[in-house]
Each structure stands twice: as C-alpha cells, then as structure tokens.
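Engineer: How does the following fold in three dimensions:
(one chain, ligands or ions: 2)
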Amino acid sequence: MVQSSVLGFPRMGANRELKKATEAYWADKISQEDLLKEGKRLRLEHWNIQKDAGIDIIPSNDFAYYDHVLDHIQLFGVVPERYTKNNLSPIDQYFAMGRGLQKPEQGVDVPSLEMVKWFDSNYHYVKPTLQDNQVFKLAENPKPVQDFKEAKEAGITTRPVLLGPVSFLALGKADRGQTIEPISALEKLLPLYEDLLKQLKAAGAETVQIDEPVLVFDLQDKVKNAFKPAYEKLGSLGDAAPKLVVATYFGDIVHNIDVLKNLENLYAIHVDLVRNPEQISEVIGALGPQQVLSAGVVDGRNIWKTNFKKAIELVETAVQKLGKDRVIVSSSSSLLHTPHSLDSEKKLDAEVVNWFSFAVQKATEIAIIAKAVNEGPAAVREQLEANAQSMQARASSKQTNDQAVKERQQQVTSEMHNRKSPFPTRLAEQGKTLKLPLFPTTTIGSFPQTKDIRIQRNKFTKGEITAEEYEKFIEKEIQDVVKIQEELDLDVLVHGEPERNDMVQYFGERLKGYSFTQNGWVQSYGSRCVRPPIVVGDISRPAAMTVKESKYAASITKKPMKGMLTGPITCLRWSFPRDDVHQSVQAQQLALALRDEVVDLESAGVYVIQVDEPALREGLPLRSGKERTDYLKWAVDSFRLATSGVQDGTQIHSHFCYSEFQDFFYAIAALDADVLSIENSKSDAKLLKVFEDEAYPRHIGPGVYDIHSPRVPSEQEIKDRIKEMLQYLKPEQLWIDPDCGLKTRQWKETKAALTNMVNAAKFYRSQYS
Ligand code: MET
Ligand SMILES: [Zn+2]
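Structural biologist: Ligands and ions are numbered 1, 2, ... in the order given. Alright, predicted model coming up:
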C-alpha cells in the first residue's frame, strides 16, 4: 500500500504557544519545568493532529525549542567553549547559542552563534560553528531518542527526523579565527550518527528520516564525494539501525543523483515534486530494485490547496513503475513553513478561504491522496469533487484579475528603471541637501516595539480606540523616538516604524490584491514568527501608505529623516505569492505601487528613502544557471523601477540583513542604491573585500553590532569592527549602523548600544577629519 507521510510539522502551536512559553521563560516568568512541559504538550498535540488526519508516517524530533539545526549542534557537542564554561543548564546553553546571553551578575557575556537563512526560505537556522580540532560528543539521552520514546508512550510510533551528517557539516562554518573546512570532519562525526541510529533502533524506531537538503545545491566536489562513503557506512549497520529515508527538498537532485545510486541500503529517497515534478522519472530510474520513492506532492512552502488531480497523477506515475508498496505520498518539505491551521480563520473572505490549505489541512490532503491511489477515486469522490470545484473557482474569480494593473504594466519603459544621473552627480546633490558628517550614523528603521505599542495596536484593531486616538498615540511614539535619536546624536533619523505590525504585512494591508489571515503565523527564527500576507490577485496601491508618519516625523526635527519602505522582492518573498502568475509579474506590480510611494515621500519633504530588500538574496535560485540569471534580472529591475522616480538630491538607501555577497555582488551593485546597509557584525570583515576588489563606488554601512541579541556591545568592540571595515572600505564611503532594525529589542539595551555606536563613530570622525 502507498503510505502517507509528513516531513515535519510547525512547532509553534495553534496560538503560538511555544513562542509565548519560551519568551516567558527568557523573561524569568515561568520555570524551566513549565517550559519543558509546554513543549511536551505541543509535541503530543501535533502528533495527534497528524494521526487523526490519517497520516501513516508521523515525524518526531522535528520539534525544536529554537531551531532544529541548533538541536543538532548540541546533540553532537559542537558547542564552542565560550558556551560551556559557565555551567549553564543544557537548555540555557542552547538558548545562549541561539540568542546570546548577558548576565553580568553571573559573569556571563556571550554573543549568539551566526544565524542564516534556511535555503531559499524565510526560516533561519543557527550555523554549526566548528573548531580546528573539533571533538564531537553525542549528548547523553539524545533528544531524538527521548522524543521518539515520548511519542511511543502516547501510542504513536514516529519516524524520527535527523539532519544528515553531510548537510549538517556543509551548512556549517569554521569559528572565527579557525580554518577548518567543516566537511573534513565527516569521518569523526559519522560514528555519532551510527551510535544514535542504534539507540533509535533499540528504542523501537523502524525508519528514520535523514534530511540531506544540500543535495539540491551545486556541490563542491569535496562535499559531493563525501556522500557515498558516508551513506555506505550508515547503511551498513543493517538491522542494528532503522531503515534510512534520505530526504531532499526545495529543488531537484538530478545533478547529484549519481551519489545516491547503488546505495542499496537506503530504504527510500524523498524528493520535492512540487518544485521539480520533472525529476520524477530520473529519480525513479536511479532507484535500486527494492528502494522506495517518497513523493513530495503537497507543498510545504505555501498556503494554496493542493490540486488533487495533478498530485494523484504524479503519484500514479510512480506507482505504475514501482508498485504501491514502493511509494510514499508526502509533503514536499517540512510543513514548518506553512501556518498551523485554517480553522481559526474566521474573517477570511468566504470565496478566498476556499482556496487555502494550512498545515493541518495539508496533512489531511496527503492522507486523501494516498487513499485515492490505494482505493481508487471513488473512495474519496466527495473530496475530489470539492477540490476540483475550488481549483475552478479560483481560476475564474474576479478577485484575481485587474485590467487597470495589467495596462499600467504594459506601459513600463526601460527609462523608468534609471535614476536621472549617475552616482557622482547624485552624491554631490545629496551633499548639498543633507550635509552629513564623515561616518554618518543611522539605524535601520524600527525601534523597540514595546508592549504599549502592541496593546494600543490591538485596541485599535478591535475598535476599542478610535483612529484619532491611535494616530495620536503613534505621533507621540514618533516624537519620543525622534527625541531619543537627537539625544543620542544620530545623524540620519528614522520614525521608528511604531505603526507597523510587520514590514511586509503593513504594506500588504494597504495594497489591493492581498488577503490576510488572523492567525497564519510562520516561524522565522527562534520565537519570532511572521504572518505573511497572501497575494491573491493583481496588486495596486489605492492610496499613500507611509507618507503621513514620515512627513510628520520629518516635520519635528532639523536632522534628515529617512522614509522607510519594504522593497518589491521582499514584499513578494515574505508574502505567500500567487502560484498562478509568474513571480516577476507580481514583483513588477509591487514595484509600480512602491514607485508611487517613493515619489510621494519625496514630495512630502522626505529626502532620504530606504527601500529594504532583505529577501533579495533568499529568492536567488539555489543553483547557478539560467534560472538564477533570469531571477536577478527581474528582481533588480523591480527595485530600480520602484526607486528611480526621484530627483538626484534624494538619497536612496537599501538594506540587506546578510553579508554573503560573493555570488551576488553584481546584483547588489546593479541596484544603484546610493547607500547600502548590510548585516556584518557576525561575519568576518574580510567579506567586505568584494566591495574593495570591485571598486564599489557607492556608500555602505556594514552593521557594527548584532541586533538579534539583547547583549550590549562595548564602544571598544564597535571601534574594533570599524577598524576592520576600514581595511576594505574608504572612510568617505562608510556609514555606521547596526545590523538590522531594533524592533525586537528593549529600550534599555538599545540606548546603551547606540550610545556606544555613536561614540565609536565620533572617535573615527575626529581621527579622519
Ligand atoms: C529584516 S530587515 C528590517 C528592516 C526594517 N526597516 C526594520 O528596521 O525593522
Ligand atoms: Zn534587516
């Protein structure tokens, strides 16, 4: 029989209970025991949901209190010494690596490990950080075994999920000052996997899902060559270990298929057939005579209902070649990237809600597809009919098509993508308007989103306060942050974004063509969740979106005020995009809406405008080639279309919260932004060399401190960072700013950190002028 499986389930809970519990724990409001209890409750709830949906193969160890890669870091003892020397409890050590820990009274002050995007998703994982003489050590009572037993006690036999050894290392890096190539440690790491697999088997696990998502990349030879021997070794454990299901997702693996050939001891291979359905025949061709195909046909990355007809056809193709016993129907990836359940959505438009499916519903879809294949369509006739109707209704809905938007798109010309003059001319003009000192200081936009802000916003949403009252409150907030920034003596101010619930949602709510959920939260990193809006139709801007607040902020200070917008690619990437129209079309619609906004800001007297594009890089197709070139072309075009409507004296900034520009530099340069702010505090300043090598002429503010952590960097630390930066960047080119916005921080640490930052900038200012 075809079996149904899920690769992973969202962790947060129906009402983000995990977020609430971890944050309460961090704030010393609940005990460690309470936190662990809540974790257990959530795991059980999620297993039961999947069981009730009819899923045959339910994952365990997909749950994590912060991040599943961080779980593996601790599991294998890849814990840098700075986190081990304070005798923290295991979970405190874990959180210290995830988010840093500063407890002066206990003499603890450690920054977090680096956190980066998980493939091309908006989930972030903590990077395994290795030492030159890395020693691995399997944790006692390993979490995957604990979780398996926990489920078993509750009567559910799960399939534990592990991140595979090759991916674990390939996704890691050498610690600062170390030179180890992580993959070189594979041989030392493998025995721990062997040990772990044996323990899982002893606990009763029959199969294990080993994720090797790096197989979708173009791999370095060293990594690629490491695969076969590693899995020959793990596969050779025979009955001493569970059967291995090697899972890949977010791309095709055809270019790496040779490493999986003739590994007869692998029980199954999982592939993402939503992204790359065409890989099915080659993957089937590479399977050995007993091996099983796990067919990922229900999208783990979006919220659209699965087209049953197509999915069933795909599974049938596999069944015809392999037989029912050698096919598993599955989610394409973990469902981590999709919200928990549609059940709590009471306010969605009735027409639109019928097009959606969240994690709980997707689990049911998987079970239905398996049933249709096993028992024939008649067994699920009603569901199939309802599904076909929904597909039909969406395709022909008025909500998806807007003629005026389409016409405007036809009128876009190539000149609309260019600023009036080249950068040197613009710089001179901007110098006259803005009169900035050397090493200008600024922040990235948001200031702490205090409890009070959230309370007032909630009251406003619920209609408990009037629009005027809310507006007054926002104005007061803006006054406060402007005053604080003036006191801190920052050079380019921001209004602090108090009116924004989220940098994408806020814009989505003001654009036509979008739909919103009440509770569609998706984990972004740690306890942080986002609620991506959903693009359902053609996009346009009925009215100005940010002008009121920015104009007000500019009116109450003599210093330059920076207007703050989210760029077209980020709006698109951090929404759930349509799957019925190419993303380049959606990006251009967003760009046109933002272009109007940029021009309106300028007309309102805002002469510095930052258009954030933190998602630009994550949208980069995972492999080089035509797909990537095409993406870069339309992504860069959409940014330029959005920002090129202004005069030379208006300064366009852009912001990216990552520093890996190596494969990407030309796109960043092609944006033609006057100033870039980038994340840099946790990476080697050497990465900035690319700007020097390429003689990048425009201005750059590499972040001087980490904003994910409450830790306050000292003035000296910031000076040291600036000094490193000056090895690669010219003084007249350098801006001083934090890595990213400060909305997740508290005021106390924010003021302290910015004071140190401004002092460090002033120090260099006096040195160089
Ligand atoms: C993830 S990038 C965030 C940029 C935004 N302007 C902020 O400061 O929050
Ligand atoms: Zn950022």
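Engineer: What parts of the protein come near ligand 2?
Structural biologist: 614, 657, 740 (Cβ under 5 Å from the ion). C-beta here means a position set from N, CA and C on the backbone, and glycine is covered the same way.
Engineer: leaving aside the residues next to it on the chain, what's closest to the last one?
Structural biologist: It refers to residue 740. Of all residues not flanking residue 740 in the chain, residue 657 sits nearest, at 4.5 Å (Cβ to Cβ, 6 or more residues apart in numbering).
Engineer: Now do the one you found against ligand 1, distance only.
Structural biologist: Going from residue 657 to ligand 1 by Cβ to the nearest ligand atom, to the nearest Å gives 5 Å.
Engineer: In this structure that residue contacts residue 679, no?
Structural biologist: Yes. Between residue 657 and residue 679 there is a contact under Cβ atoms under 8 Å: 4.3 Å.
Engineer: got any residues that touch both of these two?
Structural biologist: 703, 739-740 (Cβ atoms under 8 Å, 6 or more residues apart in numbering).
Engineer: In the stretch 301-450 of the chain, what residue lies closest to ligand 1?
Structural biologist: Closest to ligand 1 within the stretch 301-450 of the chain is residue 445: 2.7 Å, counting by Cβ to the nearest ligand atom.
Engineer: which residues touch that residue?
Structural biologist: Taking Cβ under 8 Å, 6+ apart as the test, what residue 445 contacts is 494, 496-497, 503, 562, 564, 610, 612, 655, 741.
Engineer: Out of the residues of the chain next to ligand 2, which sit inside helices?
Structural biologist: Judged by DSSP state H, helices contain none of those.
Engineer: Columns distance to residue 549, pLDDT and neighbour count on top of those, output as a markdown table?
Structural biologist: As requested, those are exported to a markdown table (distance: Cβ to Cβ, whole Å; pLDDT from 0 to 100; neighbours: other Cβ atoms under 10 Å):
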| residue | distance to residue 549 | pLDDT | neighbour count |
| --- | --- | --- | --- |
| 614 | 21 | 92 | 25 |
| 657 | 22 | 86 | 23 |
| 740 | 20 | 97 | 25 |
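Engineer: and residue 40, how many neighbours?
Structural biologist: 15 (other Cβ atoms under 10 Å).
Engineer: right, I mislabeled it, should have said residue 221
Structural biologist: Counted by other Cβ under 10 Å, the residues lying close to residue 221 total 7.
Engineer: so residue 93 touches residue 83, yeah?
Structural biologist: Yes. Assessed by Cβ under 8 Å, residue 93 is found in contact with residue 83 at 5.3 Å.
Engineer: more crowded one of the two?
Structural biologist: Set residue 93 next to residue 83 and count neighbours by other Cβ under 10 Å: residue 83 wins out with 22 against 18.
Engineer: Roughly how far does the more buried one sit from residue 90?
Structural biologist: From residue 83 across to residue 90, the span is 11 Å (Cβ to Cβ, to the nearest Å).
Engineer: any idea what sits nearest residue 559, other than its immediate chain neighbours?
Structural biologist: residue 493 (5.1 Å).
Engineer: For that neighbour, what is the enclosing helix or strand?
Structural biologist: Following DSSP states H and E, one finds residue 493 within strand 493-494.
Engineer: Likewise for residue 161?
Structural biologist: Judged by DSSP H and E, residue 161 forms part of strand 159-163.
Engineer: In its sheet, which strands sit next to that strand, and in what direction?
Structural biologist: Strand 159-163 pairs in its sheet with strand 59-60 (parallel), strand 207-211 (parallel), by DSSP bridges.
Engineer: and whatever helix or strand comes next after it, what other elements does it pack with?
Structural biologist: Once strand 159-163 ends, the next helix or strand along the chain (criterion: DSSP H and E) is helix 165-170. Under the contact definition 3 or more Cβ pairs under 8 Å, 6 or more residues apart in numbering; DSSP states H and E, helix 165-170 sits against helix 186-203, helix 221-235.
Engineer: Can you lay out those helices as TSV showing mean pLDDT and distance to ligand 1?
Structural biologist: Below are the helices and strands packed on helix 165-170 laid out as TSV (pLDDT from 0 to 100; distance: least, Cβ to the nearest ligand atom, whole Å):
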stretch	mean pLDDT	distance to ligand 1
helix 186-203	98	33
helix 221-235	96	29
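Engineer: Present the ones you listed as a markdown table; the columns should include distance to residue 455.
Structural biologist: Shown next, in a markdown table, are the helices and strands packed on helix 165-170 (distance: least, Cβ to Cβ, whole Å):
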| stretch | distance to residue 455 |
| --- | --- |
| helix 186-203 | 46 |
| helix 221-235 | 49 |
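Engineer: Give me the buried subset of the contacts of residue 445.
Structural biologist: The neighbour count (16 or more other Cβ atoms under 10 Å) marks 494, 496-497, 503, 562, 564, 610, 612, 655, 741 as buried among these.
Engineer: Based on its surroundings, how many neighbours for residue 313?
Structural biologist: 12.
Engineer: those strands in the stretch 601-750 of the chain, which residues are they?
Structural biologist: Using DSSP state E, counting those that start in this stretch, the strands of the stretch 601-750 of the chain run over 608-612, 651-656, 675-678, 699-702.
Engineer: List the residues that contact the most centrally placed residue in the chain.
Structural biologist: In the chain, the C-alpha nearest the mean C-alpha coordinate belongs to residue 122, at 1.7 Å (Cα atoms, centre = their mean). Counting by Cβ under 8 Å, 6+ apart, residue 122 touches 337, 522, 524, 530, 532, 573-574, 615, 618.
Engineer: So this structure: which segments form each domain?
Structural biologist: Using automatic domain parsing, the domains assigned to the chain come out as 1-56+248-340+348-397, 427-448+480-768.
Engineer: roughly how far apart are the nearest residue to residue 501 once chain neighbours are set aside and residue 43?
Structural biologist: Once flanking residues are discounted, residue 501 sits nearest to residue 457: 6.5 Å by Cβ to Cβ, 6+ apart. In this view, residue 457 and residue 43 are 32 Å apart by Cβ to Cβ.
Engineer: Looking at these two now, which is surrounded by more residues?
Structural biologist: The neighbour count for residue 457 versus residue 43, taken as other Cβ under 10 Å, is higher for residue 43 (23 against 19).
Engineer: residue contacts, that one?
Structural biologist: Counted by Cβ under 8 Å, 6+ apart, residue 43 has contacts 60, 63, 147, 150-151.
Engineer: which residue does the stretch 601-750 of the chain bring closest to ligand 1?
Structural biologist: residue 741 (1.9 Å).
Engineer: before we move on, the earlier item: so which of the buried ones among the contacts of residue 445 sits lowest on pLDDT?
Structural biologist: pLDDT is lowest at residue 503 among the buried ones among the contacts of residue 445; the value there is 94.
Engineer: Report the secondary structure element holding it.
Structural biologist: Assigned by DSSP H and E, residue 503 belongs to neither a helix nor a strand.
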